[in-house]
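> sequence and predicted structure below; questions after.
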Amino acid sequence: MISFQEGIKNSVAVSLLQARIKMAYEARETGLECPSWPVDSWVAKLKELGGNPVPHPAKAGAGETSKAADVVEKAGEKKDAREDAGQDAEAEKAKKDGGDAAV
């Protein structure tokens, strides 16, 4: 019988491996390749510990993109700082007046 502490250690190890594998898959999806990450050995160790496999994003949702990919795409978009500052100023003025500027 496995002791309580050993069960917790196993659960923590499985959770960490799942998080690492998911991170590696998302990094690959955004174009980052890190050869020092032994993803295949992480997957093998996860399987050995009896954890649920982490689905590869490209295989799991063929048409869906991850949040990381969305962030990378939005990083390329430029905002007009003056327009954004003007909107903030209008919102602050509406708060001071005690009403909504749109009404």
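Happy to help now that I have it.

> helix/strand/coil for residue 54?
Assigned with DSSP: H, G, I helix; E, B strand; the rest coil, residue 54 falls in the coil class.

> how about the contacts made by it?
Counting by CB atoms under 8 Å, 6 or more residues apart in numbering, residue 54 touches 18, 21-22, 25, 43, 46. All C-beta atoms are positioned from the backbone trio N, CA, C, and that covers glycine.

> helices - which of those land there?
If you go by DSSP state H, the contacts of residue 54 have 18, 21-22, 25, 43, 46 in helices.

> quick one on the thing from earlier: which two of the contacts of residue 54 have the greatest separation?
For those, the farthest-apart pair by CB to CB is 25 and 46; their separation is 12.8 Å.

> coming back round to it: highest neighbour count among the ones in helices among the contacts of residue 54?
Using other CB atoms under 10 Å as the neighbour test, these are led by residue 21, with 22 neighbours.

> so where's the protein uncertain?
1-2, 58-89, 95, 98-103 (pLDDT under 70).

> the helices in it, which residues?
4-29, 39-49, 57-60, 67-75, 81-97.

> OK, contacts around the residue lying closest to residue 10 once chain neighbours are set aside?
Distances taken as CB to CB, 6 or more residues apart in numbering put residue 49 closest to residue 10, at 6.0 Å, once the chain neighbours are dropped. Applying CB under 8 Å, 6+ apart to residue 49 gives the contacts 10, 13-14, 17.
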